[in-house]
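Q: A structural model of the following input is requested.
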Amino acid sequence: MNRQPIFRKQQLRFMILNLIAFSIIFTIFGVIIFQQVQNTLFLKTDDDLLQAKEFVLSEDFTTIRSPLENGPELGPPGGINPRIIVLNWNAAGDIVNEDQIGTWLYESFSQESILNIENLNTITNLSVDAEYTYRSLLIENDTADGEIAYTQLLINIDGEQTILDNFGQLLIICSLIFIVLSISASYILSKKMMEPIIKSWNKQAEFVENASHELRTPLTIIQNKLELLLMEPQQKIIQKFENIALSLSETRRLSKLTSDLLTLARADSAEIQLDKHPLHVDEFIERVSVPYIEIAESQNKTLQLDLHCKTEIQADEVRLHQLLVILLDNALKYTDEEEHISVKTYTEDQKAVIEIRDTGRGIQKENLPYIFDRFYREDKARSRENGGIGLGLSIAQWIVTHHGGTITASQNGQAGTLFKVKLPQ
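A: Prediction:
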């Protein structure tokens, strides 16, 4: 199956999602910054307009001049900012203080028809001659003679508006640059995101391929032997003993393989939970090793215990038993007659250490980094002959890792292999 189109499609999907996420983040960030700058720029002008409104509605206010005209300052000091222009309107919508604001302002404001009572008591922006921008606040103003119906407070904000426009343009340019950079970042991130997926895909494909191969072999043998038995139904069991024995052997091997595969599958899905309890290391090692000492003697081999770990650890006894069975089984399997196996325990750096040494065939130095890989066998023909399928050490590593420990393999001097397991107390 060609996986490249699938990978490219998934990477493109990740890239688009990352780009959309970056774009949304930059857009929200830009809008927030723009609004904050706008509010900051108009904060002083709005405060001046509100203070002027209070002053106009106060009893101290009588009349006010335009800041463009000469004349005595009206009102108490600090009452109204000199930048503010005051327009008085009658109910008919005409300016009644033309003499105070000047002819040019009167004509400009009259032609623009800037009076809009819908914006009463609301600060708004308005434009005059499409060139000047003002901040405006319209309020009701009842005088004694009833001539003035509304008072409009205006303050020129051309400087602030120019800063805001320039900032907006700069923000747009920066956003475009960031979006372009986001495309590159999205591509890099999508590529990085695909790496573990591709790695997992390849490992899964390799796992399925190896598992299929390992399952096919015993099934083929069993099928062939059963077909031979069916071809000679009159034969006695003793005459077909070898075929039956081989079929049973392959059945046991198949059962162990499926059990190991199920263990690894559950381990990958985090379905298996460890049931940890206090466990005395030396007593446990001695109890598990007793049958293997007898097996070693029956095979003319030596298995010795050297136990010096007088401490307890928190461990899952069932899984730790499985770990020791794997390591001891490997040691017995790859040692010949008259050779030696030893199990040693001690404490180091507040950890319980278990060492299993053998003087058997050993592992080539260049192959040591791969022995914990699933289905890895240094000598595939010999391993299959001995019943090995390359899953035991993978399961052992999983058990140790989920106990918070480490497992390493190294050469045992001139001959054999040393497995060292460290488990926290």
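Q: Look through every helix and strand of the chain and give the one with the lowest mean pLDDT.
A: helix 380-386 (a mean of 49; mean pLDDT, DSSP states H and E).
Q: Can you name the next helix or strand after that helix?
A: Next along the chain after helix 380-386, taking DSSP states H and E as the criterion, comes helix 392-402.
Q: So S394 sits against I371, correct?
A: No - in terms of Cβ atoms under 8 Å, S394 does not count as a neighbour of I371; the distance is 9.2 Å. Placement of C-beta: from N, CA and C, glycine included.
Q: ranges for the helices of the stretch 51-200 of the chain?
A: 98-101, 103-112, 158-231 (DSSP state H, counting those that start in this stretch).
Q: quick one: low-confidence parts of the stretch 151-300 of the chain?
A: 206, 209-210, 213-214, 267-272 (pLDDT under 70).
Q: so where's the stretch 1-150 of the chain shaky on pLDDT?
A: Ranges of the stretch 1-150 of the chain meeting pLDDT under 70: 1-3, 59-79, 102-114, 142-146.
Q: Show me the strands in it, by range?
A: 84-89, 123-128, 132-140, 150-156 (DSSP state E, counting those that start in this stretch).
Q: Could you list every helix and strand that the second one packs against?
A: I take that to be strand 123-128. helix 103-112, strand 132-140 (3 or more Cβ pairs under 8 Å, 6 or more residues apart in numbering; DSSP states H and E).
Q: repeat for the first one
A: Contact analysis of strand 84-89 by 3+ Cβ pairs under 8 Å, 6+ apart lists helix 4-56, helix 98-101, strand 150-156 as its packing neighbours.
Q: Please identify the most buried of these.
A: strand 150-156 (a mean of 21; mean count of other Cβ atoms under 10 Å).
Q: I'd like to check what contacts that one. Which residues are they?
A: Contacts with strand 150-156, where a contact means Cβ atoms under 8 Å, 6 or more residues apart in numbering, come from 45, 48-49, 52-53, 56, 81, 83-89, 114-115, 117, 120, 126, 132-141.
Q: Between helix 4-56 and that strand, find me the angle.
A: Angle, strand 150-156 to helix 4-56, by axes from the mean of the first three to the mean of the last three Cα atoms, to 10 degrees: 120 degrees.
Q: Parallel or antiparallel, which strands does strand 150-156 pair with?
A: Strand pairing for strand 150-156, determined by DSSP bridges: strand 84-89 (antiparallel), strand 132-140 (antiparallel).
Q: so can I have TSV of those showing distance to E98 and mean neighbour count?
A: Shown next, in TSV, are the strands paired with strand 150-156 (distance: least, Cβ to Cβ, whole Å; neighbours: other Cβ atoms under 10 Å):
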stretch	distance to E98	mean neighbour count
strand 84-89	10	22
strand 132-140	18	20
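Q: can you put the ones you listed in CSV and add distance to N166?
A: Below are these laid out as CSV (distance: least, Cβ to Cβ, whole Å):
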stretch, distance to N166
strand 84-89, 25
strand 132-140, 14
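Q: closest one to I25 among those?
A: Nearest to I25, of all those, is strand 132-140, at 31.7 Å by Cβ to Cβ.
Q: outside of the closest one, which residues touch it?
A: Strand 132-140 has contacts (Cβ under 8 Å, 6+ apart) with 42, 45-46, 49-50, 52-53, 56-57, 85, 114-117, 119-128, 149-158, 161.
Q: How about the secondary structure of I313?
A: strand (DSSP: H, G, I helix; E, B strand; the rest coil).
Q: Got the domain ranges for the protein?
A: Domains of the chain are assigned by automatic domain parsing as 4-164, 192-268, 277-424.
Q: out of these, deepest packed?
A: Most buried among the domains of the chain, given mean count of other Cβ under 10 Å as the contact rule, is domain 277-424, at a mean of 17.
Q: Contacts only, for V400.
A: For V400, counting by Cβ under 8 Å, 6+ apart, the contacting residues are L323, T406, I407, V421, L423.
Q: Take the residues you listed and keep only those in helices.
A: Among the contacts of V400, DSSP state H puts L323 in helices.
Q: want to throw the contacts of V400 into a markdown table with pLDDT and distance to V31?
A: Converted to a markdown table, the contacts of V400 look like this (pLDDT from 0 to 100; distance: Cβ to Cβ, whole Å):
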| residue | pLDDT | distance to V31 |
| --- | --- | --- |
| L323 | 89 | 58 |
| T406 | 91 | 52 |
| I407 | 90 | 55 |
| V421 | 91 | 58 |
| L423 | 90 | 56 |
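Q: now, among the contacts of V400, which is nearest to K351?
A: Each of those was scored against K351 by Cβ to Cβ, and L423 proved nearest at 6.3 Å.
Q: Not counting its neighbours along the chain, what's nearest the closest one?
A: G405 (4.1 Å; Cβ to Cβ, 6 or more residues apart in numbering).
Q: likewise G404?
A: P424 (5.0 Å).
Q: And for G392?
A: I326 (4.3 Å).
Q: Quick one: work out the angle between the helix or strand harbouring that neighbour and helix 392-402.
A: Using DSSP H and E, I326 maps to helix 317-333. For helix 317-333 against helix 392-402, the angle between stretch directions is 140 degrees (the same axes, to 10 degrees).
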